[in-house]
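Colleague: sequence first, then the predicted structure:
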Amino acid sequence: MYTALIAILAFAVFGAILYNRLVRSRNRVDTAWSDIDVQLQRRHDLIPRLVAAVDQYAKYERATLAAVTELRAEAMRVTDIDARSKAEDDLSSGVQRLIALAENYPDLKANENFLKLQHQLVETENYLQFARRYYNGSVRDYNTMTGTVPSNLIANVFDFTERSFFQKSSDDAANVPLIKFGSVE
(Lines give C-alpha, C1' and ligand atoms only; values in the text may rest on other atoms or scores of the structure.)
Protein backbone atom coordinates (compact mmCIF):
# COMPACT_ATOMS: atom_id res chain seq x y z
CA MET A 1 0.00 0.00 0.00
CA TYR A 2 2.75 2.44 0.97
CA THR A 3 4.74 1.40 -2.08
CA ALA A 4 1.84 2.27 -4.37
CA LEU A 5 1.34 5.59 -2.60
CA ILE A 6 5.05 6.40 -2.90
CA ALA A 7 4.97 5.43 -6.60
CA ILE A 8 1.94 7.67 -7.24
CA LEU A 9 3.55 10.51 -5.32
CA ALA A 10 6.84 10.08 -7.22
CA PHE A 11 4.94 10.05 -10.51
CA ALA A 12 3.06 13.23 -9.54
CA VAL A 13 6.29 14.99 -8.54
CA PHE A 14 7.97 13.89 -11.76
CA GLY A 15 4.95 15.10 -13.77
CA ALA A 16 5.03 18.45 -11.98
CA ILE A 17 8.74 18.84 -12.72
CA LEU A 18 8.18 18.11 -16.41
CA TYR A 19 5.20 20.46 -16.51
CA ASN A 20 7.26 23.26 -14.94
CA ARG A 21 10.08 22.69 -17.43
CA LEU A 22 7.59 22.91 -20.28
CA VAL A 23 6.14 26.15 -18.90
CA ARG A 24 9.64 27.65 -18.51
CA SER A 25 10.53 26.62 -22.04
CA ARG A 26 7.28 28.05 -23.46
CA ASN A 27 7.88 31.31 -21.57
CA ARG A 28 11.42 31.50 -22.96
CA VAL A 29 9.98 31.17 -26.49
CA ASP A 30 7.42 33.91 -25.79
CA THR A 31 10.10 36.20 -24.37
CA ALA A 32 12.37 35.55 -27.34
CA TRP A 33 9.51 36.37 -29.72
CA SER A 34 8.94 39.60 -27.83
CA ASP A 35 12.59 40.52 -28.43
CA ILE A 36 12.15 39.89 -32.16
CA ASP A 37 8.94 41.91 -32.19
CA VAL A 38 10.71 44.90 -30.59
CA GLN A 39 13.45 44.83 -33.25
CA LEU A 40 10.92 44.43 -36.06
CA GLN A 41 8.98 47.42 -34.75
CA ARG A 42 12.20 49.44 -34.54
CA ARG A 43 12.96 48.54 -38.16
CA HIS A 44 9.41 49.39 -39.20
CA ASP A 45 9.79 52.80 -37.53
CA LEU A 46 13.10 53.50 -39.30
CA ILE A 47 11.94 52.61 -42.81
CA PRO A 48 9.60 55.60 -43.41
CA ARG A 49 12.41 57.96 -42.37
CA LEU A 50 14.84 56.18 -44.70
CA VAL A 51 12.30 56.30 -47.55
CA ALA A 52 11.79 60.03 -46.94
CA ALA A 53 15.54 60.67 -47.00
CA VAL A 54 15.96 58.80 -50.28
CA ASP A 55 12.82 60.42 -51.69
CA GLN A 56 14.39 63.86 -51.45
CA TYR A 57 17.16 62.78 -53.81
CA ALA A 58 15.53 60.16 -56.00
CA LYS A 59 12.28 61.73 -57.15
CA TYR A 60 11.98 59.45 -60.20
CA GLU A 61 12.54 56.24 -58.21
CA ARG A 62 8.97 56.28 -56.90
CA ALA A 63 8.29 52.61 -57.72
CA THR A 64 11.08 51.39 -55.43
CA LEU A 65 10.02 53.73 -52.63
CA ALA A 66 6.36 52.73 -52.97
CA ALA A 67 7.27 49.03 -52.99
CA VAL A 68 9.28 49.32 -49.77
CA THR A 69 6.46 51.24 -48.13
CA GLU A 70 3.97 48.55 -49.17
CA LEU A 71 6.28 45.75 -47.97
CA ARG A 72 6.53 47.50 -44.58
CA ALA A 73 2.74 47.75 -44.32
CA GLU A 74 2.36 44.06 -45.18
CA ALA A 75 5.01 43.04 -42.63
CA MET A 76 3.23 45.02 -39.92
CA ARG A 77 -0.17 43.55 -40.84
CA VAL A 78 0.54 39.80 -40.67
CA THR A 79 0.58 38.04 -37.31
CA ASP A 80 1.16 34.36 -38.12
CA ILE A 81 4.85 33.59 -37.53
CA ASP A 82 5.34 31.75 -40.84
CA ALA A 83 3.64 34.52 -42.84
CA ARG A 84 5.48 37.17 -40.86
CA SER A 85 8.78 35.45 -41.55
CA LYS A 86 8.07 35.64 -45.30
CA ALA A 87 6.88 39.25 -45.13
CA GLU A 88 9.91 40.34 -43.13
CA ASP A 89 12.18 38.53 -45.59
CA ASP A 90 10.54 40.42 -48.47
CA LEU A 91 10.90 43.68 -46.54
CA SER A 92 14.61 43.02 -45.96
CA SER A 93 15.07 42.55 -49.69
CA GLY A 94 13.20 45.79 -50.36
CA VAL A 95 15.37 47.69 -47.90
CA GLN A 96 18.45 46.19 -49.59
CA ARG A 97 17.20 47.59 -52.91
CA LEU A 98 16.55 50.97 -51.27
CA ILE A 99 20.07 51.13 -49.85
CA ALA A 100 21.51 50.04 -53.19
CA LEU A 101 19.50 52.80 -54.87
CA ALA A 102 21.31 55.34 -52.71
CA GLU A 103 24.58 54.30 -54.36
CA ASN A 104 23.43 56.25 -57.44
CA TYR A 105 23.24 59.49 -55.45
CA PRO A 106 26.60 60.68 -54.06
CA ASP A 107 24.97 63.61 -52.24
CA LEU A 108 22.59 61.21 -50.50
CA LYS A 109 25.42 58.89 -49.50
CA ALA A 110 27.15 61.86 -47.89
CA ASN A 111 23.99 63.15 -46.18
CA GLU A 112 24.43 62.96 -42.40
CA ASN A 113 20.77 62.14 -41.76
CA PHE A 114 20.81 59.31 -44.30
CA LEU A 115 24.05 57.91 -42.90
CA LYS A 116 22.62 58.02 -39.37
CA LEU A 117 19.45 56.24 -40.48
CA GLN A 118 21.48 53.66 -42.38
CA HIS A 119 23.65 53.05 -39.31
CA GLN A 120 20.55 52.63 -37.10
CA LEU A 121 19.06 50.21 -39.62
CA VAL A 122 22.26 48.15 -39.71
CA GLU A 123 22.31 48.08 -35.92
CA THR A 124 18.67 46.98 -35.84
CA GLU A 125 19.30 44.25 -38.42
CA ASN A 126 22.17 42.95 -36.29
CA TYR A 127 20.01 42.92 -33.15
CA LEU A 128 17.26 41.22 -35.12
CA GLN A 129 19.66 38.52 -36.32
CA PHE A 130 20.73 37.80 -32.72
CA ALA A 131 17.12 37.82 -31.51
CA ARG A 132 16.12 35.45 -34.33
CA ARG A 133 18.89 33.02 -33.39
CA TYR A 134 17.89 33.07 -29.72
CA TYR A 135 14.21 32.63 -30.58
CA ASN A 136 14.89 29.73 -32.95
CA GLY A 137 17.09 28.06 -30.32
CA SER A 138 14.33 28.48 -27.74
CA VAL A 139 11.77 27.05 -30.17
CA ARG A 140 14.09 24.12 -30.93
CA ASP A 141 14.43 23.31 -27.22
CA TYR A 142 10.70 23.75 -26.59
CA ASN A 143 9.70 21.62 -29.59
CA THR A 144 12.15 18.94 -28.49
CA MET A 145 10.53 18.86 -25.06
CA THR A 146 7.01 18.68 -26.50
CA GLY A 147 8.02 15.87 -28.85
CA THR A 148 10.16 13.58 -26.72
CA VAL A 149 9.26 11.03 -24.07
CA PRO A 150 8.37 11.48 -21.24
CA SER A 151 7.72 15.23 -21.43
CA ASN A 152 5.52 14.81 -24.51
CA LEU A 153 3.01 12.93 -22.36
CA ILE A 154 2.61 15.98 -20.12
CA ALA A 155 2.72 18.31 -23.15
CA ASN A 156 -0.16 16.45 -24.81
CA VAL A 157 -2.28 16.42 -21.67
CA PHE A 158 -1.85 20.17 -21.08
CA ASP A 159 -1.97 21.17 -24.78
CA PHE A 160 1.59 22.43 -25.23
CA THR A 161 1.76 22.76 -29.01
CA GLU A 162 4.77 22.96 -31.27
CA ARG A 163 5.96 26.46 -32.25
CA SER A 164 7.16 27.72 -35.64
CA PHE A 165 10.68 28.91 -36.33
CA PHE A 166 11.27 32.47 -37.49
CA GLN A 167 13.73 32.20 -40.31
CA LYS A 168 14.62 33.28 -43.78
CA SER A 169 12.26 31.76 -46.31
CA SER A 170 14.97 30.41 -48.61
CA ASP A 171 18.67 29.68 -48.82
CA ASP A 172 19.00 32.56 -51.29
CA ALA A 173 17.47 34.96 -48.82
CA ALA A 174 19.88 33.79 -46.14
CA ASN A 175 22.76 34.76 -48.42
CA VAL A 176 21.58 38.32 -49.10
CA PRO A 177 24.55 40.66 -48.62
CA LEU A 178 24.72 42.43 -45.30
CA ILE A 179 24.25 46.18 -45.18
CA LYS A 180 27.26 47.83 -43.62
CA PHE A 181 27.57 51.38 -42.41
CA GLY A 182 27.99 53.56 -45.49
CA SER A 183 27.86 50.79 -48.09
CA VAL A 184 26.26 47.62 -49.36
CA GLU A 185 28.39 44.49 -49.55
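Modeller: Thanks, I have it.

Colleague: what's the spacing between the residue nearest to Arg72 when sequence neighbours are not counted and Ser138?
Modeller: With Cβ to Cβ, 6 or more residues apart in numbering as the criterion, Arg72 has its nearest non-adjacent residue at 4.9 Å, and that residue is Ile47. Backbone N, C-alpha and C define where each C-beta goes, glycine included. Distance of Ile47 to Ser138, computed by Cβ to Cβ, to the nearest Å: 27 Å.

Colleague: re earlier: tell me the contacts of the residue nearest to Arg72?
Modeller: By Cβ atoms under 8 Å, 6 or more residues apart in numbering, the contact set of Ile47 is Val68, Thr69, Arg72, Leu91, Val95, Leu121.

Colleague: ok, so of those, who is nearest Pro150?
Modeller: Proximity of those to Pro150 (Cβ to Cβ) peaks at Leu91, which lies at 41.7 Å.

Colleague: A helix includes that closest one, no?
Modeller: Yes - note on Leu91: a helix contains this position according to DSSP: H, G, I helix; E, B strand; the rest coil.

Colleague: what about Ala73, which SS state?
Modeller: The three-state label given to Ala73 by three-state DSSP is helix.

Colleague: in terms of pLDDT, where does it sit?
Modeller: Ala73 is assigned 94 on the pLDDT scale.

Colleague: that one - how many residues pack around it?
Modeller: Residues lying near Ala73 (other Cβ atoms under 10 Å) number 13.

Colleague: could you do Tyr105 as well?
Modeller: 16.

Colleague: hmm, what's the outermost residue in the chain?
Modeller: Ranked by distance from the centre of the chain (Cα atoms, centre = their mean), the top residue is Met1, with 53.8 Å.

Colleague: next one: it from Gly15, what distance?
Modeller: From Met1 over to Gly15 (counting by Cβ to Cβ), the distance is 21 Å.

Colleague: that older thread, what's the offset of the host helix or strand of the residue nearest to Arg72 from the middle of its chain?
Modeller: Using DSSP states H and E, Ile47 sits in helix 2-57. Relative to the centre of its chain, helix 2-57 is centred 12 Å away, using Cα atoms, centre = their mean, to the nearest Å.

Colleague: avg pLDDT for that helix?
Modeller: Averaged over helix 2-57, pLDDT sits at 93.

Colleague: a helix runs through Arg97, doesn't it?
Modeller: Yes - under three-state DSSP, Arg97 falls within a helix.

Colleague: for the closest residue to it other than its chain neighbours, give me the pLDDT.
Modeller: Once flanking residues are discounted, Arg97 sits nearest to Thr64: 5.9 Å by Cβ to Cβ, 6+ apart. Here, the pLDDT recorded for Thr64 equals 83.

Colleague: ditto for Asp171
Modeller: With respect to pLDDT, Asp171 has a value of 42.
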